[in-house]
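# I would like the atomic coordinates for the input below:
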Amino acid sequence: MIGFLILLFIFVAGFFIMQMLIYRFAKKNIHKYTKIKWFHMWLHMNMKKARD
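As a prediction, the model looks like this:
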């Protein structure tokens with residue numbers, strides 16, 4: 001259980017770092033960013049479904 005929580009924390013931290021990097025890059029490349037954003041939202045929804 002604790003191992004799972006650590007893994008989840010690493011995943012969330014990595015996700016936020018990715019978002020930051022993508023956001024900085026997105027200032028130059030808005031269209032790619034929106035596609036990635038939608039993909040992340042879709043992925044997040046699927047993760048929630050999998051958990052329930």
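# For the residue sitting nearest the centre point of the chain, give its distance to L43.
What sits nearest the mean C-alpha location of the chain, by Cα atoms, centre = their mean, is F15, with 4.2 Å. F15 sits 10 Å away from L43, going by Cβ to Cβ, to the nearest Å. C-beta coordinates here come from the backbone N, C-alpha and C atoms, glycine included.
# for the protein, longest helix please?
For the chain, the helix with the greatest residue count under DSSP state H is helix 2-26.
# Just the CA atoms of whichever helix or strand comes after that helix, as CSV, please.
Tracing the chain past helix 2-26, the next element assigned as helix or strand by DSSP states H and E is helix 30-51. In CSV, the C-alpha atoms belonging to helix 30-51 read as follows (Å, rounded to 0.1, in the frame of the first residue of the first chain):
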residue,chain,number,x,y,z
ILE,A,30,-0.1,26.5,-28.8
HIS,A,31,-1.8,23.9,-31.2
LYS,A,32,0.4,21.0,-30.0
TYR,A,33,-0.3,22.0,-26.4
THR,A,34,-4.1,21.9,-26.8
LYS,A,35,-3.8,18.4,-28.3
ILE,A,36,-1.6,17.2,-25.4
LYS,A,37,-4.0,18.8,-22.9
TRP,A,38,-7.0,16.9,-24.4
PHE,A,39,-4.9,13.7,-24.3
HIS,A,40,-4.1,14.3,-20.7
MET,A,41,-7.7,15.0,-19.8
TRP,A,42,-8.8,11.8,-21.6
LEU,A,43,-6.0,9.8,-19.9
HIS,A,44,-7.1,11.3,-16.5
MET,A,45,-10.7,10.2,-17.1
ASN,A,46,-9.6,6.7,-18.0
MET,A,47,-7.5,6.5,-14.8
LYS,A,48,-10.5,7.6,-12.7
LYS,A,49,-12.7,4.9,-14.3
ALA,A,50,-10.0,2.3,-13.8
ARG,A,51,-9.8,3.2,-10.1
